[in-house]
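Student: okay, predicted coordinates and the sequence, questions at the end:
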Amino acid sequence: MQKVLILCTGNSCRSQMAEGFLKYFSPNTQVSSAGTKPEDLNAFAVEAMANIGIDIANFKSNHADEYADIDFDFVFTLCDNANEICPIYPNAKKLIHNSFSDPANAIGTKDEQLLIYSQVRDQIKDYMQNFAENNLKK
């Protein structure tokens, strides 16, 4: 079974959405997410994912150090900050960086903020679906 770790700073939004997508697109892959400074799961991220039928409501934020000794096939960083201060994963076969805008910076009404989360969600969805289809065993 292939193992994937997805990192972001807070492990509250982008990495959680990416974890949800990879679990959906590649259910036979062990997928984990973590943060360099974990925060509570973001309610807007949960709602944006629920709006397309993926439930991440029970996901937990974890610290990146919890995964230091695991041999991952792929380690992703989804924000520049996590990429810059990412812990070392010497046994990872491949490190991949792709930065996505932080929807937590969205301002405005609830609907306006949710729109930003949905846009970032869709970018992450396309990226993770493409990755799963081209890199993970079926």
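Tutor: Yep, that arrived. Worth saying up front: this structure is predicted, and the values here are computed from it rather than measured.

Student: show me what the helix ranked longest in the chain packs onto, helices and strands only.
Tutor: When the chain is scanned for its longest helix (criterion: DSSP state H), the result is helix 110-135. Secondary-structure packing of helix 110-135 (3 or more Cβ pairs under 8 Å, 6 or more residues apart in numbering; DSSP states H and E): helix 14-25, helix 43-50. Bear in mind the C-beta positions are built from the backbone N, C-alpha and C, glycine included.

Student: so the helix or strand just after the longest one versus helix 110-135, what angle?
Tutor: Note on helix 14-25: by DSSP states H and E, the next helix or strand toward the C-terminus is strand 30-35. Here strand 30-35 points in a direction 130 degrees away from that of helix 110-135 (axes from the mean of the first three to the mean of the last three Cα atoms, to 10 degrees).

Student: helix 14-25 and strand 30-35, what's the angle between them?
Tutor: Counting by the same axes, to 10 degrees, strand 30-35 lies at 170 degrees to helix 14-25.
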